[in-house]
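[1] Based on what follows, work out the 3D shape:
(one chain, ligands or ions: 1)
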Amino acid sequence: MPEPALRIFSDLHFRDPRGELHDLAGFGPLLGDAERVVFNGDSLDTQVPAMARHADELLDFARRSGREIDWLSGNHDPDISERAELALRDGRVWVTHGDVFFPAIAPWSHHAAELRRRFDAEGAKVPRGELDRIETRLRLHRKISLSLPEPPHLFQPGLFMRFYRVAHALLPPRRLLEMLRAWSSTPRVVAELARAQRPEARVVVLGHTHYPGVWRVPGRRGAPDLTVINTGSFTKPLGGLFVELRGDRLRVVRVARRDCAFVEGRTMAEFSLA
Ligand SMILES: [Mn+2]
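    The predicted model follows:
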């Protein structure tokens, strides 16, 4: 008998018109033989009524899967769970959605200014020195992610709206620069915060930026190397990965598409935590 497996997914963005996951039957194959499944934030957008109404369908799918499920909150589903981080294998694997690594959650977002304003307002109430703590930031991020104003027509169907969404995603160009900056700085920023406040971590699993990949950040002055894994998303154009833990073996697997279903693609990385 193989050891029981756990799989980590992020950023399903279920039923988001900008996403790829609209039918949960197509997600089933990705559960594999995992006994435990972690949904690491942005599983759906609970703050947009047009999509929040699909929450029951997603929760029901998870329940009926018969697996043990961990829901972690993300900035699009701050109320899906009270938890925003998870330590596995004695803390050697640290899982969190990823907003904690960015000032005011998502500097590339249309909401950047509003998020920054809310973060500063909430942060002012926090005692000095507390604001840099991961626990504090996760708590504040969950709070300020609630009920952000979204243009309602953004989620309507139709060809014109598809064009509109592409334009909305790319403009203004400053957003693209912020996105590229976030992508290039992520491994370094993640490693710095993990080393400072989650020193047991050898692997950090995040999503959030929708930029899938595996990075090895060398340790300095005798500190061990840190592996940063971004599981990307179930949206175009970059797609995603999932992480499988089986005993001390960790595997990073590409999420592939076969007809209407998502399936296991090629293994991107595999190593032992021991
Ligand atoms: Mn996110």
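
[2] Low-confidence regions, the stretch 101-250 of the chain specifically.
    For the stretch 101-250 of the chain, the stretches flagged by pLDDT under 70 are 151-157, 169-171.

[3] Now do the helices in the protein.
    Ranges of helices in the chain, per DSSP state H, are 49-52, 55-64, 112-123, 134-144, 159-170, 173-197.

[4] And the strands in the stretch 151-274 of the chain?
    Under the criterion DSSP state E, counting those that start in this stretch, the stretch 151-274 of the chain contains strands at 203-206, 213-217, 226-230, 241-246, 249-258, 261-272.

[5] What's the local residue count around residue 227?
    Neighbourhood size, residue 227 [other CB atoms under 10 Å]: 22. All C-beta atoms are positioned from the backbone trio N, CA, C, and that covers glycine.

[6] Next to the ion in this structure, residues from the chain, please.
    For the chain, the residues in contact with the ion (CB under 5 Å from the ion) are 42, 74, 75, 208.

[7] And the third one, how far from residue 145?
    It refers to residue 75. Counting by CB to CB, to the nearest Å, the separation of residue 75 from residue 145 is 4 Å.

[8] same thing with the last one?
    Using CB to CB, residue 208 is found at 12 Å from residue 145.

[9] More neighbours: which of these two?
    Using other CB under 10 Å, the more surrounded residue of residue 208 and residue 145 is residue 208, with 28 against 23.

[10] Tell me if I'm right that the more buried one and residue 72 touch.
    No - with contact defined as CB atoms under 8 Å, residue 208 does not reach residue 72; the gap is 11.1 Å.

[11] Give me the common contacts of these two.
    Here residue 208 and residue 72 share the contacting residues 41, 97, scored by CB atoms under 8 Å, 6 or more residues apart in numbering.

[12] quick revisit: what's the most buried one of the helices of the chain?
    helix 134-144 (a mean of 19; mean count of other CB atoms under 10 Å).

[13] Mind giving me the packing neighbours of that one?
    With contacts taken as 3 or more CB pairs under 8 Å, 6 or more residues apart in numbering; DSSP states H and E, helix 134-144 sits against helix 112-123.

[14] Output the helix it packs on as PDB, nothing but the C-alphas.
    Extracted in PDB, the C-alpha atoms of helix 112-123 (Å, rounded to 0.1, in the frame of the first residue of the first chain):
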ATOM      1  CA  ALA A 112      -4.700  48.500  -5.300                       C
ATOM      2  CA  ALA A 113      -5.400  52.100  -4.200                       C
ATOM      3  CA  GLU A 114      -8.500  51.100  -2.200                       C
ATOM      4  CA  LEU A 115      -6.600  48.100  -0.600                       C
ATOM      5  CA  ARG A 116      -3.700  50.400   0.300                       C
ATOM      6  CA  ARG A 117      -6.100  52.900   1.900                       C
ATOM      7  CA  ARG A 118      -7.900  50.200   3.900                       C
ATOM      8  CA  PHE A 119      -4.600  48.600   4.900                       C
ATOM      9  CA  ASP A 120      -3.200  51.900   6.200                       C
ATOM     10  CA  ALA A 121      -6.400  52.700   8.100                       C
ATOM     11  CA  GLU A 122      -6.500  49.300   9.800                       C
ATOM     12  CA  GLY A 123      -2.700  49.200  10.300                       C
END
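
[15] what's in contact with it?
    For helix 112-123, contacts defined as CB under 8 Å, 6+ apart pick out 103-106, 109, 131, 140-141, 143-145, 148-149, 175, 178.

[16] Name the nearest residue to residue 85, ignoring sequence neighbours.
    Distances taken as CB to CB, 6 or more residues apart in numbering put residue 96 closest to residue 85, at 4.1 Å, once the chain neighbours are dropped.
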